[in-house]
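Novice: the amino acid sequence is not available; the structure is as follows:
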């Protein structure tokens, strides 16, 4: 699995001190060895500077490609990132239902500890599972309560199945979580949210499905058949 020209990817950056991850859709403009150029799709821009680390994610039905890259520069109009790939990870998808790449701020807390809510970002979501990006490491088996901002916000319970380092440079972790005992109301909210997110991504990517393409009027010459 590799990046190709014009691939639609997600580029993200962890904001130190805030616990937030900003992520936006982008297209691969050029890949040459370890050098990569991305065009971040409007109207989005990322707060980056030379030397900062970004995460590039390409999702396919059976695999996920995750790249770490160090920004060497950027241009505006359109917002373009230039970087050097420093690490590559490929993950096989072994899930009962497909997950969709999204970027939504959320919060969670361990069920066993009545502590403060912890900020995180939803990196992908399905009817049965979720991946959170967090500055806090959680052990496999930890049970969490997660607030999902699905309009309206719903709370779901889940158990951590996998915890991996998402970015050593940014000290962030990817939590693979299996959802537990999702009720019919919460399930329907998740499904409707995923539908809305996929429509929004297609629109942001400039798909011709949502553009009016004018057609040249048919010209009929008198005495001839159209």
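Specialist: Perfect, I can see it now. In this text the structure is predicted, and so the values were computed from the model without any measurement. Numbering: from 1, shown residues only.

Novice: run the chain-centre distance for the longest strand along the chain.
Specialist: Ranked by number of residues, the top strand in the chain under DSSP state E is strand 153-167. The chain centre lies 15 Å from the centre of strand 153-167; the measure is Cα atoms, centre = their mean, to the nearest Å.

Novice: ok, and what's touching that strand?
Specialist: 14, 53, 55, 66, 68, 111, 129-130, 133, 137-148, 172-182, 185-186, 189-190 (Cβ atoms under 8 Å, 6 or more residues apart in numbering). All C-beta atoms are positioned from the backbone trio N, CA, C, and that covers glycine.

Novice: what are the pairing partners of that strand, and which direction each?
Specialist: strand 143-149 (antiparallel), strand 172-180 (antiparallel) (DSSP bridges).

Novice: let me see the domain layout of the protein.
Specialist: Following automatic domain parsing, the chain resolves into domains at 8-92, 100-204.

Novice: can you redo these as JSON lines with mean pLDDT?
Specialist: Listed next are these as JSON lines, based on pLDDT from 0 to 100:
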{"stretch": "domain 8-92", "mean pLDDT": "81"}
{"stretch": "domain 100-204", "mean pLDDT": "82"}
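
Novice: let's have those in JSON lines, adding mean neighbour count.
Specialist: Output for the domains of the chain, formatted as JSON lines (neighbours: other Cβ atoms under 10 Å):
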{"stretch": "domain 8-92", "mean neighbour count": "17"}
{"stretch": "domain 100-204", "mean neighbour count": "17"}
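
Novice: among these, which comes closest to residue 1?
Specialist: domain 8-92 (5.0 Å; Cβ to Cβ).

Novice: how about the strands in this structure?
Specialist: Counting by DSSP E, the strands of the chain are 8-15, 20-32, 35-40, 53-59, 63-75, 80-92, 100-110, 118-125, 129-134, 143-149, 153-167, 172-180.

Novice: could you give the angle of the fourth one to strand 118-125?
Specialist: Counting by axes from the mean of the first three to the mean of the last three Cα atoms, to 10 degrees, strand 53-59 points 30 degrees away from the direction of strand 118-125.

Novice: next one: strand 53-59 to chain centre, how far?
Specialist: 8 Å.

Novice: same thing with the fifth one?
Specialist: With Cα atoms, centre = their mean as the basis, strand 63-75 stands 13 Å off its chain's centre.

Novice: what of the first one?
Specialist: Taking Cα atoms, centre = their mean, one finds the center of strand 8-15 at 7 Å from the center of the full chain.

Novice: residues making contact with that strand?
Specialist: 3, 20-28, 38, 40, 46-48, 52-59, 81, 101, 103, 121, 123, 133, 135, 167, 170-172, 205.

Novice: same question for the third one.
Specialist: The contact list for strand 35-40 (Cβ under 8 Å, 6+ apart) reads 3, 9, 11, 24-31, 46, 56, 67, 69, 78-85.

Novice: over to the fourth one?
Specialist: By Cβ under 8 Å, 6+ apart, the residues outside strand 53-59 that reach it are 1, 3, 7, 9-14, 26, 36, 38, 46, 48, 64-71, 81, 83, 86, 99-101, 123-124, 166-167, 169-170.
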